[in-house]
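Chemist: Provided below are the primary sequence and the corresponding predicted coordinates.
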Amino acid sequence: MTPTLPRRWRHLAAALLLAPGTLAAQTPDAKPANGIPSVTTKRLTLGECLAIGREQQPMIRAAQRSYQASVIGSKALGNLGFVADLVTPDLPIRKQQASRGLTLGLAEIQKVTQENTQDITVLYYSYVYASQQESTATDIVDQLEIYYEVAEGIVKSGARDPKMRLNQFTLYSLQNVIGEIKAQRLKAETGRKLALEALRDAMGADGSFDFVPADKELPKMLSGSVTQEQVIGEALARRPELAQAAAGVDAFRLEVCAQAAVKRSRQVPTLASGSDLHSKQVPLGMRNGEYKPGALAPEMPPGLVGRVEDRVARATELSLRQDALYDRTASLVRLEAAKAYLTWDAATKRVRDSEAKYERGRLLVEESRAAAIARQDPEILVTNEALAGKARTDYAEAAFEHIKALAALERITAGGVAVQFPGR
């Protein structure tokens, strides 16, 4: 029986090395191993997911309702007529402030929509990424389990061949490796499920809506180029936050005029009397070893009291403070744009490097398969299969980080850098 074992190993090894499902023979487009969608499950492209999000996401609908309420309020001021202008001397100015409010509302819709676009894009490809990682882990486990069965049979048979470096410790080592990879597969499976639930929430879809992303692999998005100066310029020219800050500057300057228009009253409502300026949360700065500066919040009481000179003086100071808020917003936008560019640039370099490593790993496995049969040394195969698997995993991770950087770059430039994701 002993002389037949090497031939048996060569036969099984050849089947293993030439199997069409072998890890390194696959390109990074493998299907998920578990959780295969049913026949009734809808496969949605990124563009279809984005369209559903624009239609159903409550945050977008809320911003649209707020804008429509501002439109109604502005029309209400316009319907008061000429007599109301005579009785209320600051009314013409309040009408101008109301128009600035419409600008704020439109900018808020744009801002929320752009944020939702980034969320859906990242979560869509989070699902694809987790699926690929799950598939990679399954491929490695399948290969190692086949090898384990062969190795276990050889060890149990008591065969002794100086060319075969197999023993019980080899089996223990394989069991440990297989267990670790199965744990990684479980982590990827959980990540895939979580990504799908988060994607459903970002789209504003009902919990019973049965769908999965249509893409089965992360796309290569290495074409096109942009400079840091272009990214910063687009962000400063297009960001809705700056449009909101500019409209706020105008509204606060008009408040000075409104207070000056009311001569006899000792208490005059301000633009804040009809809205809550602090209703939106302002990001706070963090001091935890990473520089994350905070923004400024607008400041205006619901009413100003005193003589006209005193009210005008206070409104002027608050208006100048709003100018500082605009400058602060512009500074934060500039910083965010610079950070987004540098992150994207680093991610681009990493994905190119990891892709080259993946190709080298694939070629290495092809050569090691032939060497494993010729030398009857299965350890070289296992080692190189593991290296190729890691290279494939690293490539998928780098591609995912690159996609996230692109999605952030698009939002931060408010579409100035347009990313042509497949199926969009």
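Modeler: Received, thanks. All of these numbers come straight from a predicted model, not from anything done at the bench.
Chemist: only C-alpha atoms for contact and neighbour calcs from this point on.
Modeler: OK.
Chemist: show me where pLDDT drops low in the stretch 51-200 of the chain?
Modeler: Scanning the stretch 51-200 of the chain for pLDDT under 70 picks out 159-166.
Chemist: who are the neighbours of the helix or strand encompassing residue 406, in terms of helices and strands?
Modeler: Element membership of residue 406, judged by DSSP states H and E, is helix 378-412. For helix 378-412, the packing partners by 3 or more CA pairs under 8 Å, 6 or more residues apart in numbering; DSSP states H and E come out as helix 91-157, helix 308-375.
Chemist: what angle separates that helix from helix 91-157?
Modeler: Going by axes from the mean of the first three to the mean of the last three CA atoms, to 10 degrees, helix 378-412 is angled at 180 degrees with respect to helix 91-157.
Chemist: any idea how far stretch 255-269 is from the chain center?
Modeler: Offset of stretch 255-269 from its chain centre (CA atoms, centre = their mean, to the nearest Å): 47 Å.
Chemist: got it, and stretch 301-318?
Modeler: The answer for stretch 301-318 is 45 Å, by CA atoms, centre = their mean.
Chemist: any idea of the mean pLDDT in it?
Modeler: In this model, stretch 301-318 has an average pLDDT of 95.
Chemist: picking that back up, can you list the helices and strands packed on helix 378-412 in CSV and add distance to residue 167 and mean neighbour count?
Modeler: Formatted as CSV, the helices and strands packed on helix 378-412 follow (distance: least, CA to CA, whole Å; neighbours: other CA atoms under 10 Å):
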stretch, distance to residue 167, mean neighbour count
helix 91-157, 6, 21
helix 308-375, 17, 19
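Chemist: Using CSV, lay out the ones you listed together with distance to residue 293.
Modeler: Shown next, in CSV, are these (distance: least, CA to CA, whole Å):
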stretch, distance to residue 293
helix 91-157, 20
helix 308-375, 8
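Chemist: how about the ones you listed, which one is nearest residue 243?
Modeler: helix 91-157 (6.6 Å; CA to CA).
Chemist: other SSEs contacting the closest one?
Modeler: helix 4-17, helix 46-56, helix 58-78, helix 81-87, helix 168-203, strand 211-213, helix 240-261, helix 378-412.
Chemist: Spatially central, which residue of this protein would that be?
Modeler: Central residue of the chain (CA atoms, centre = their mean): residue 122, 3.3 Å from the mean position.
Chemist: Distance-wise, check that residue relative to residue 404.
Modeler: With distances taken as CA to CA, to the nearest Å, residue 122 is found 6 Å from residue 404.
Chemist: Does the residue nearest to the centre of the chain touch residue 407 like I think?
Modeler: Yes - with contact defined as CA atoms under 8 Å, residue 122 reaches residue 407; the gap is 7.0 Å.
Chemist: Start and end of stretch 76-94, how far apart?
Modeler: Rule used - CA to CA; the end-to-end distance of stretch 76-94 is 11 Å.
Chemist: And for that stretch, what's in contact with it?
Modeler: Stretch 76-94 has contacts (CA atoms under 8 Å, 6 or more residues apart in numbering) with 95, 254, 255, 257, 258, 259, 261, 262, 271.
Chemist: 10 Å - rerun?
Modeler: Outside stretch 76-94, the residues within contact range by CA atoms under 10 Å, 6 or more residues apart in numbering are 70, 72-74, 95-98, 100, 251, 254-263, 268-271.
Chemist: Filter those down to the buried ones, PyMOL style.
Modeler: Entered in PyMOL, the line below selects the buried ones among these, by 16 or more other CA atoms under 10 Å:
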select buried, resi 70+73+74+95+97+98+100+251+254+255+256+257+258+259+260+261+262+268+269+270+271
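Chemist: who's in contact with the residue nearest to the centre of the chain?
Modeler: Residue 122 is in contact with 116, 128, 195, 199, 400, 401, 403, 404, 405, 406, 407, 408, counting by CA under 10 Å, 6+ apart.
Chemist: do that again at 7 Å, thanks
Modeler: Shown in contact with residue 122 (CA atoms under 7 Å, 6 or more residues apart in numbering): residue 404.
Chemist: change the start of the numbering to 35 and stick with it
Modeler: In the new numbering, first residue 35, that becomes residue 156.
Chemist: Which residue lies closest in space to residue 339, excluding its sequence neighbours?
Modeler: The shortest distance from residue 339 to any non-neighbouring residue, by CA to CA, 6 or more residues apart in numbering, is to residue 301 (4.3 Å).
Chemist: what about that neighbour, how many neighbours?
Modeler: 15 (other CA atoms under 10 Å).
Chemist: ok, it to residue 295 distance?
Modeler: Distance of residue 301 to residue 295, computed by CA to CA: 13 Å.
Chemist: same question, residue 190
Modeler: For residue 190, the distance to residue 295 equals 99 Å [CA to CA].
Chemist: And residue 426, by the same measure?
Modeler: Separation of residue 426 from residue 295 (CA to CA): 70 Å.
Chemist: what does residue 436 give?
Modeler: 55 Å.
Chemist: next one: residue 380
Modeler: Here residue 380 is placed at a distance of 56 Å from residue 295 (CA to CA).
Chemist: next one: residue 136
Modeler: Distance, residue 136 to residue 295, by CA to CA: 23 Å.
Chemist: Could you do residue 101 as well?
Modeler: Counting by CA to CA, the separation of residue 101 from residue 295 is 28 Å.
Chemist: related to what we said a few turns ago, can the helices and strands packed on helix 125-191 go into a markdown table with extra columns for distance to residue 386?
Modeler: Formatted as a markdown table, the helices and strands packed on helix 125-191 follow (distance: least, CA to CA, whole Å):
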| stretch | distance to residue 386 |
| --- | --- |
| helix 38-51 | 28 |
| helix 80-90 | 24 |
| helix 92-112 | 37 |
| helix 115-121 | 66 |
| helix 202-237 | 24 |
| strand 245-247 | 25 |
| helix 274-295 | 33 |
| helix 412-446 | 9 |
